[in-house]
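Participant: Build me a model from this:
(chains A, B, C and D)
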Protein chains: 2
Amino acid sequence: MSRRPARRISIKDIARKAGVSHSTVSRALRGSPLVNPRTAERIRRLAARMGYVPNAAARSLVTTRTSIIGLVITTLSDPFLAEIVRGVEEVALEAGYRLFLATSNADPERELAAVRALAESRVEGVIVASSRVGELYLPHLEALGVPIVLINQQREAPFIYSVASDSYQGAVLAVSYLMNLGHTRIAYIAGPPMARSNRLRLIGYQKTLAAAGIPPDPAWIVEGNGRPEAGEWGIQRLLEAPLRPTAVFCYNDMTAIGALRAARAAGLRVPEDLSIIGFDDILFAAYTEPPLTTIAQPKYEMGRTAMSMLLRLLQGERVPPHLQLPCRLVERASCGPPPEGSIPVVPHLLAERRLP
Amino acid sequence: MSRRPARRISIKDIARKAGVSHSTVSRALRGSPLVNPRTAERIRRLAARMGYVPNAAARSLVTTRTSIIGLVITTLSDPFLAEIVRGVEEVALEAGYRLFLATSNADPERELAAVRALAESRVEGVIVASSRVGELYLPHLEALGVPIVLINQQREAPFIYSVASDSYQGAVLAVSYLMNLGHTRIAYIAGPPMARSNRLRLIGYQKTLAAAGIPPDPAWIVEGNGRPEAGEWGIQRLLEAPLRPTAVFCYNDMTAIGALRAARAAGLRVPEDLSIIGFDDILFAAYTEPPLTTIAQPKYEMGRTAMSMLLRLLQGERVPPHLQLPCRLVERASCGPPPEGSIPVVPHLLAERRLP
DNA sequence: TCGAGTATTGCACACGTGTGCAATTTGCCT
DNA sequence: AGGCAAATTGCACACGTGTGCAATACTCGA
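Facilitator: This next block holds a predicted model:
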């Protein structure tokens, strides 16, 4: 049996009991200097005793401010999102904003419904946290006419801002690290071809190799989709290459997990026979066998930054539209020096192997 | 630069343009039979053309219904929650409800703030999805005076309902499965001692052994906390037992992951030397080495069921307060028959080893 | 004690939507 | 054409809160 919760008490109820007008109560509770401090205190006490809870709907109706932020997540089952959301929520709460959840597992109809819900509740801004956002989704969001901050996405449009980790820098970090360990035969198992992050990581990979004078070998770049099976296929393909790589840089940790499995299946020891490095530092990277060395995205900070950015936008500040946060290396146990007898692509590199 | 989004148009704007009163517009848009079908159609067209979006705050102010459900999650970084939330959200959206997110990483002050936010926005009901809920939290939620559905938690109190997976049945399933493989020396690495789920799994474990006439061995039950380190400690402890177990039932998958690692570190092959079974079927269970056999909780269904339950409560229906959903076995590769020469606890069991 | 100035309070309206009830229009029948 | 019922519309108020402005109460100095 449910109860329509016996009408919450309002400022009018308090006013009646206190023998003042509702305006005075309103002012007292909001801390206005326009009320006698003594009566204000009395009213506040009374309100607390009566269990008064302000009605957000009524307030937002008159102020035209809702203090609601829409949090759009295409798929929650991305192990990557938890920390981001935590950062977002923390800043939002501190600033007195509430979060409205809008998922949409790539179902266009549901996306539309979700956006309508956001519109009806008059969200003041939107944060989109997802590895990939439906193409249709964004135009709908734009139509809301509120600022939008994308996380790990970028789109050139007015009122669309973004916070991303620096994929290029992360890739440079990964490849440099491998080179410092002595590797010169380094492969890349790519992510979704269209993903901006994939393109940036690929470029970082290529430039770092080039900077060290290592000629690019097309056989060392294999396509993927960011999921474990891509890692498995990738390793199989790479093992057939004329010159086998001694290290593999994977688009992300999920790919790396597949790679680890395939390497093991092929009888290779990691890292003795093959080094594998991932990207993301998802929760599970610490528990693979061996624990995965990876490039960590600053997830929590990205969440915080995105929300802070939105807050500044809501305050009318001018803000740089696209922010990038640096990634950092997390050394675990899946990378080591190349196997003894392996032939470097460029022999002289064996001598001077320090890199930035 | 932000814009206070140029006052949304209201039914009054439409009314003016259509040459009718705002009441008529309201009725037309809500599909009331009290308007001339032709004018109704005309108004709807006009509204669409003008980009009208109803104001949820204004509506809820007069109807006293908000169509908002509070979704309380103690910590989002639980890989377990994603599917649950997906189920919840799907049903909520279908029924025209919105989800309000309230996290609280066990910080009492933040919990309080979160609950206040829920109260101010007048949520009509609350779903609590979390492995463990702060002790202080629940009383605050109860004070909201709206129905509450807990997921994988139980509390005897009016207006507190719950949906849980059947931990007892799951444990029976796990242990029976191991016994059918031929194991009789089966250990349990426990979860948080106070957790109801842990107690139920422990009882399921004990009863199943007892039903098969296997005498309990206290050395085979080791304490834990549901995290990987518990699995590591647990295995270490178990390997010192006078009679070594041939199979280990872990409180959850995270524990099993630690157990896998420790077993490997001790030079044991899984499943040839030791079988390990988990509980939960988190995303990563499929990617451990070897892939983890486990008891799957019906996460998505639990989410759907919880939300459906809440909807029925909101409609004033009477509903059984505590629901349990069955778990099922997911066979992967971490369990096998016991090693050849291992001595069963109760020799006759080797002969007739079929169990329910 | 009076008056000016200040502190405090209340009135009345606004926000956007829904709805009971009275007013008006329409349709139909004779 | 006249009359009546039914269909349609508009008026006015309500929901809970915030606020400009006028009204009232207080304070202080002369």
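Participant: From now on I want contacts and neighbour counts done on CA atoms only, so please keep to that.
Facilitator: OK.
Participant: State the three-state secondary structure for the nearest residue to A:Leu29 once chain neighbours are set aside.
Facilitator: Sequence neighbours aside, A:Arg44 is the residue nearest to A:Leu29 in space, at 6.2 Å (criterion: C-alpha to C-alpha, 6 or more residues apart in numbering or on different chains). Assigned with DSSP: H, G, I helix; E, B strand; the rest coil, A:Arg44 falls in the helix class.
Participant: A:Arg44: neighbouring residues, count only.
Facilitator: Residues contacting A:Arg44 under the criterion other C-alpha atoms under 10 Å in any protein chain shown number 19.
Participant: okay, it: pLDDT?
Facilitator: On pLDDT, A:Arg44 comes in at 96.
Participant: Pull up the gap between it and DNA strand C, please.
Facilitator: Distance of A:Arg44 to DNA strand C, given as C-alpha to the nearest atom of the strand, to the nearest Å: 12 Å.
Participant: Likewise for A:Thr103?
Facilitator: Distance of A:Thr103 to DNA strand C, given as C-alpha to the nearest atom of the strand: 24 Å.
Participant: What of A:Ser121?
Facilitator: Separation of A:Ser121 from DNA strand C (C-alpha to the nearest atom of the strand): 11 Å.
Participant: Would you state the strands of chain A in chain order?
Facilitator: Secondary structure of chain A (DSSP state E): strands located at A:68-73, A:98-103, A:125-129, A:148-151, A:160-165, A:186-189, A:221-222, A:247-250, A:275-280, A:293-296, A:322-325, A:328-330.
Participant: In a markdown table: those, plus mean pLDDT and mean neighbour count.
Facilitator: Conversion of those to a markdown table gives the following (pLDDT from 0 to 100; neighbours: other C-alpha atoms under 10 Å in any protein chain shown):
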| stretch | mean pLDDT | mean neighbour count |
| --- | --- | --- |
| strand A:68-73 | 93 | 24 |
| strand A:98-103 | 90 | 24 |
| strand A:125-129 | 93 | 25 |
| strand A:148-151 | 93 | 25 |
| strand A:160-165 | 94 | 24 |
| strand A:186-189 | 98 | 27 |
| strand A:221-222 | 97 | 20 |
| strand A:247-250 | 98 | 29 |
| strand A:275-280 | 97 | 29 |
| strand A:293-296 | 98 | 26 |
| strand A:322-325 | 96 | 17 |
| strand A:328-330 | 98 | 19 |
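Participant: just so I know, which of the ones you listed lies nearest chain B?
Facilitator: Of all those, strand A:98-103 sits nearest to chain B, with 4.9 Å by C-alpha to the nearest C-alpha.
Participant: Extract the C-alpha trace of that closest one and format it as CSV.
Facilitator: Coordinates of each C-alpha in strand A:98-103 appear next as CSV, following Å, rounded to 0.1, in the frame of the first residue of the first chain:
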residue,chain,number,x,y,z
ARG,A,98,21.7,17.6,-9.1
LEU,A,99,22.4,14.9,-11.7
PHE,A,100,19.8,13.5,-14.0
LEU,A,101,20.7,10.2,-15.6
ALA,A,102,20.1,9.6,-19.2
THR,A,103,21.2,6.3,-20.7
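Participant: Neighbouring strands - and their directions - for that strand?
Facilitator: Note on strand A:98-103: by DSSP bridges, its sheet partners are strand A:68-73 (parallel), strand B:98-103 (antiparallel).
Participant: would you turn the ones you listed into TSV with distance to B:Val248?
Facilitator: As requested, those are arranged in TSV below (distance: least, C-alpha to C-alpha, whole Å):
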stretch	distance to B:Val248
strand A:68-73	38
strand B:98-103	34
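Participant: For DNA strand D, which of those is the nearest?
Facilitator: Nearest of the strands paired with strand A:98-103 to DNA strand D, taken as C-alpha to the nearest atom of the strand: strand A:68-73 at 15.7 Å.
Participant: Settle this for me: A:Asp253 is touching A:Leu283, isn't it.
Facilitator: No: A:Asp253 is beyond contact range of A:Leu283, at 9.8 Å (criterion: C-alpha atoms under 8 Å).
Participant: okay, the two: which has more neighbours?
Facilitator: With neighbours defined as other C-alpha under 10 Å, A:Asp253 and A:Leu283 compare such that A:Asp253 has more, 29 against 16.
Participant: Model confidence score at that one, please.
Facilitator: A:Asp253 is assigned 95 on the pLDDT scale.
Participant: Next: A:Gly258.
Facilitator: On pLDDT, A:Gly258 comes in at 95.
Participant: What of the one 5 residues further on?
Facilitator: pLDDT, the model's per-residue confidence, is 97 for A:Ala263.
Participant: Check whether it really touches A:Pro271, as I assumed.
Facilitator: No: the pair A:Ala263 / A:Pro271 is not scored as a contact, 10.0 Å apart, by C-alpha under 8 Å.
Participant: Could you list the buried residues of the worst-scoring helix or strand of chain A on mean pLDDT?
Facilitator: Across the helices and strands of chain A, mean confidence by mean pLDDT, DSSP states H and E is lowest for helix A:137-142: a mean of 85. Within helix A:137-142, the residues that count as buried by 16 or more other C-alpha atoms under 10 Å in any protein chain shown are A:Tyr137, A:Leu138, A:His140, A:Leu141, A:Glu142.
Participant: Throw these into JSON lines and include distance to B:Ser67, thanks.
Facilitator: Below are the buried residues of helix A:137-142 laid out as JSON lines (distance: C-alpha to C-alpha, whole Å):
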{"residue": "A:Tyr137", "distance to B:Ser67": "23"}
{"residue": "A:Leu138", "distance to B:Ser67": "25"}
{"residue": "A:His140", "distance to B:Ser67": "22"}
{"residue": "A:Leu141", "distance to B:Ser67": "21"}
{"residue": "A:Glu142", "distance to B:Ser67": "24"}
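Participant: what sits against A:Ile189?
Facilitator: Contact analysis of A:Ile189 by C-alpha atoms under 8 Å, 6 or more residues apart in numbering or on different chains lists A:Ile221, A:Val222, A:Glu223, A:Gly224, A:Ala230, A:Gly231, A:Gly234, A:Val248, A:Phe249, A:Cys250, A:Tyr251, A:Thr255.
Participant: how about a cut-off of 6 Å?
Facilitator: A:Val222, A:Cys250, A:Tyr251 (C-alpha atoms under 6 Å, 6 or more residues apart in numbering or on different chains).
Participant: Look up which residues are beta-bridged to it.
Facilitator: On the basis of DSSP bridges, A:Ile189 takes part in beta bridges with A:Val222, A:Cys250.
Participant: Please report the distance of it from B:Cys335.
Facilitator: 32 Å (C-alpha to C-alpha, to the nearest Å).
Participant: Among the strands paired with strand A:98-103, which comes closest to A:Ile295?
Facilitator: Counting by C-alpha to C-alpha, A:Ile295 lies closest to strand A:68-73 out of the strands paired with strand A:98-103; the figure is 23.2 Å.
Participant: quick one: the closest one to strand A:125-129, angle?
Facilitator: 20 degrees (axes from the mean of the first three to the mean of the last three C-alpha atoms, to 10 degrees).
Participant: any low-confidence regions in chain A?
Facilitator: A:1-6, A:77, A:79, A:104, A:106, A:131-136, A:347-356 (pLDDT under 70).
Participant: okay, now the domains of it?
Facilitator: Listed domain ranges for chain A are A:11-54, A:68-165+A:300-326, A:167-297+A:329-350 (source: automatic domain parsing).
Participant: Just put the ones you listed in a markdown table and tack on distance to B:Glu94.
Facilitator: Converted to a markdown table, the domains of chain A look like this (distance: least, C-alpha to C-alpha, whole Å):
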| stretch | distance to B:Glu94 |
| --- | --- |
| domain A:11-54 | 29 |
| domain A:68-165+A:300-326 | 9 |
| domain A:167-297+A:329-350 | 30 |
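Participant: out of those, nearest to B:Val53?
Facilitator: B:Val53 lies closest to domain A:68-165+A:300-326 among the domains of chain A, at 6.0 Å (C-alpha to C-alpha).
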